[in-house]
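Peer 1: dropping a prediction and its sequence here:
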Amino acid sequence: MMAEIRLSDLLAWETRLQLWRPVATQERADVAAPLAGVGDERDLTWAVSTRASMPMLPPLRGGELILLSHRVARESGVSIGALLQQIAAHGASGLIVDEEIALSLAPRDSAPVPILILSDIEISSEFETDINRMLTERRGEMYRVGMEIGRSLAALSTSGTDLQSVLQAVSQLLSVPITLVDIHGHDLVEASPGAGSEQARSATNVSAARFGAERLVEIALASSMSLRVGPVAAERHALIRMIGERIAEAIETTFSRSASLRPSGAHRSTALAELLIPPPTRGVSDRIMQATALGLSAAAIYRVALVAPEASPAATSRWLATLGRVLDAGAIDGAAAKIVELHRLESPGSVHGAAIAAKPRPGQTSTASTTTQLDAGWIAISSVVNGVVELNAAARQARYMAALVRHELVRGAVVRFDVLGDLGAYRLLYQLWGTPELHRFTTEALGDLDRRDKRGLLRKSLLAFLGTGGSHVEAAARLQIHRNTLAYRLRQISVVTGQDATDPERRLMLHLALLAQTLPPVPGDS
């Protein structure tokens with residue numbers, strides 16, 4: 001296949017050429033570099049010269065770069081505008097003019113094709129030969145390099161090499177960093193060429209200063225992901241584009257090989273569970289490959305649900321199926337774990353589908369409208385996460401909620417992490433769950449309350465008082481004690497903690513500290 005070359009590549013290789021811009025374009029603040037304008041990404045085939053006699057142009061097939069000297073323009077008497085319209089109609093890529101013609105261009109005109117200005121030398125048959133020789137040599141060089149890299153990639157992708165190793169090899173071959181990116185733009189796997197390739201890479205950056213910063217090259221993959229190559233110096237963009245398809249094939253082959261080894265049955269559930277709580281030695285690359293082998297899209301959106309063992313499997317499965325494809329992922333903390341690959345129509349922060357409610361507990365009235373009855377138990381559902389690499393974060397959210405439900409700190413048949421009414425202030429505390437910072441906060445706020453209040457009466461009384469907005473009457477009624485008893489306990493709390501519980505300015509701090517102290521311990525990773 002013939003290597004594709006664009007005007008931007010020629011501008012990078014031939015430093016005597018520059019892209020002409022109308023003054024109106026140059027005055028735009030968002031156009032900062034010579035390669036930032038429209039037109040420099042046109043495909044380029046060959047350079048051909050105009051003649052002073054008619055017809056001025058040889059037969060054109062499209063993609064040609066037309067050369068016009070001031071001598072030919074003067075002898076032919078043709079206007080630049082008419083010539084531009086003619087070559088545009090024949091699909092030419094652009095027009096090269098010398099500095100004398102450039103000075104005559106109307107400063108605020110636009111052109112139907114890009115105009116390149118040649119500096120320092122005249123446009124001649126020798127320059128035409130030089131340009132075409134350069135294009136031929138560059139195409140040949142890129143073809144040879146592409147063949148070598150293609151053979152290396154084919155050998156890697158069929159030899160059982162893992163994804164990280166393939167990306168690392170690509171990075172080494174190209175002497176540039178390369179990153180696997182999901183559909184949301186999140187970096188999944190990164191590889192860099194290493195110190196040994198710095199000298200080779202810096203040699204390609206000579207022209208980078210002329211064009212400003214280096215640029216990234218994106219290579220799309222069939223799996224809705226993409227490869228981000230670079231930053232790459234402008235003069236190497238043509239090579240990266242040409243071999244991009246082969247790089248994509250190598251990555252897709254690696255994915256397909258993993259899918260061919262897909263486990264089934266109980267082995268599949270066990271493997272899915274490892275995506276939720278990955279072993280410490282399993283990196284992002286391994287998890288992506290494992291997810292692909294299990295039939296999960298690395299770029300899809302997911303939720304993780306934990307289901308109480310006493311809940312009806314049929315009822316919960318029907319309800320979760322309204323969100324998307326439900327996959328069994330073993331058991332976590334004694335609850336059935338489910339991975340839900342969501343329908344694309346669902347927006348983050350919402351859990352739609354059939355309503356579900358548990359059978360009311362004694363003394364509790366269910367107000368939910370139900371189409372599916374959950375005889376017992378609960379479902380804890382994470383927020384929406386992007387891609388399989390965030391499944392472990394979703395699983396941690398689900399475990400947090402499941403622990404809160406078990407300890408009766410929150411109530412409900414379905415508890416959702418991204419519904420504020422389900423978690424209340426406990427969602428704010430999630431980020432600090434199990435951290436030394438939260439422990440220090442509760443210790444400083446509550447002082448010796450934990451040690452002095454062995455039976456928990458003081459903490460229970462304080463929580464009821466704060467939960468009723470500081471109402472002695474309502475708190476005493478909730479605790480089923482006399483108001484004087486509550487007042488006595490509040491005085492004890494003030495002595496033990498050093499904080500006046502009746503002071504409105506202290507209530508928020510004490511309330512958060514109490515809620516934090518009631519959090520269940522962080523579960524182990526097993």
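Peer 2: Cool, got the structure. Numbers count the residues shown, from 1 in each chain.
Peer 1: any stretches of the stretch 1-150 of the chain with poor pLDDT?
Peer 2: 1-3, 22-40, 106-110 (pLDDT under 70).
Peer 1: show me what secondary structure element comes after the lengthiest helix in the chain.
Peer 2: Secondary structure of the chain per DSSP state H: the longest helix is helix 125-157. With elements assigned by DSSP states H and E, the helix or strand that comes after helix 125-157 is helix 163-174.
Peer 1: same for that next one, what does it pack against?
Peer 2: Helix 163-174 sits against helix 125-157, strand 178-181, strand 187-191, helix 237-260, helix 284-293, with contacts defined as 3 or more Cβ pairs under 8 Å, 6 or more residues apart in numbering; DSSP states H and E. Placement of C-beta: from N, CA and C, glycine included.
Peer 1: and the longest helix of the chain, what's buried?
Peer 2: 127-128, 131, 135, 138-139, 142, 145-146, 149-150, 152-153, 156-157 (16 or more other Cβ atoms under 10 Å).
Peer 1: again with stretch 161-179
Peer 2: For stretch 161-179, burial by neighbour count (16+ other Cβ under 10 Å) applies to 161-164, 166-179.
Peer 1: hang on, the earlier thing: which of the buried residues of helix 125-157 sits closest to residue 82?
Peer 2: Using Cβ to Cβ, residue 128 comes nearest to residue 82 of the buried residues of helix 125-157, at 21.9 Å.
Peer 1: the closest residue to residue 389 other than its chain neighbours: neighbouring residues, count only.
Peer 2: Leaving out its chain neighbours, the residue that sits closest to residue 389 by Cβ to Cβ, 6 or more residues apart in numbering is residue 284, at 5.3 Å. By other Cβ atoms under 10 Å, 18 other residues sit near residue 284.
Peer 1: which stretches of the stretch 301-450 of the chain have low pLDDT?
Peer 2: Applying pLDDT under 70 to the stretch 301-450 of the chain picks out residues 344-375.
Peer 1: all helices of it, in order?
Peer 2: For the stretch 301-450 of the chain, helices defined by DSSP state H, counting those that start in this stretch occupy the ranges 313-321, 391-406, 420-423, 425-430, 436-446, 449-452.
Peer 1: same check on the stretch 1-150 of the chain?
Peer 2: Counting by DSSP H, counting those that start in this stretch, the stretch 1-150 of the chain has these helices, from start to end: 7-13, 23-26, 70-76, 80-89, 99-104, 125-157.
Peer 1: so the residue nearest to residue 70 when sequence neighbours are not counted versus residue 459, what's the distance?
Peer 2: In space, and not counting its chain neighbours, residue 70 is closest to residue 100: 4.1 Å by Cβ to Cβ, 6+ apart. Per Cβ to Cβ, to the nearest Å, residue 100 is found 89 Å from residue 459.
Peer 1: those two: which is more packed in?
Peer 2: Neighbour count, other Cβ under 10 Å: between residue 100 and residue 459, residue 459 has more, with 18 against 14.
Peer 1: now the helices of the stretch 1-150 of the chain as JSON lines including distance to residue 43?
Peer 2: Listed next are the helices of the stretch 1-150 of the chain as JSON lines, based on distance: least, Cβ to Cβ, whole Å:
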{"stretch": "helix 7-13", "distance to residue 43": "8"}
{"stretch": "helix 23-26", "distance to residue 43": "22"}
{"stretch": "helix 70-76", "distance to residue 43": "25"}
{"stretch": "helix 80-89", "distance to residue 43": "15"}
{"stretch": "helix 99-104", "distance to residue 43": "24"}
{"stretch": "helix 125-157", "distance to residue 43": "12"}
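Peer 1: how about the most centrally placed residue in the chain, what does it touch?
Peer 2: Centroid check for the chain by Cα atoms, centre = their mean gives residue 186 as the closest residue, at 1.9 Å. With contact taken as Cβ atoms under 8 Å, 6 or more residues apart in numbering, residue 186 is in contact with 386-387, 389.
Peer 1: and which of these is nearest to residue 226?
Peer 2: Nearest to residue 226 among the contacts of residue 186: residue 387, at 12.9 Å, using Cβ to Cβ.
Peer 1: out of the helices of the stretch 301-450 of the chain, flag the one nearest residue 77.
Peer 2: Within the helices of the stretch 301-450 of the chain, the stretch nearest residue 77 is helix 391-406; the backing value is 71.3 Å (Cβ to Cβ).
Peer 1: who's in contact with that closest one?
Peer 2: Outside helix 391-406, the residues within contact range by Cβ under 8 Å, 6+ apart are 275-278, 291, 302-306, 308, 332-333, 335, 337, 339, 378, 380-383, 385, 410-412, 415-417, 422-423, 426, 430, 433, 519-520, 523.
Peer 1: now do residue 488 against residue 456, distance only.
Peer 2: Going from residue 488 to residue 456 by Cβ to Cβ gives 16 Å.
Peer 1: ok, now residue 295?
Peer 2: Distance, residue 295 to residue 456, by Cβ to Cβ: 49 Å.
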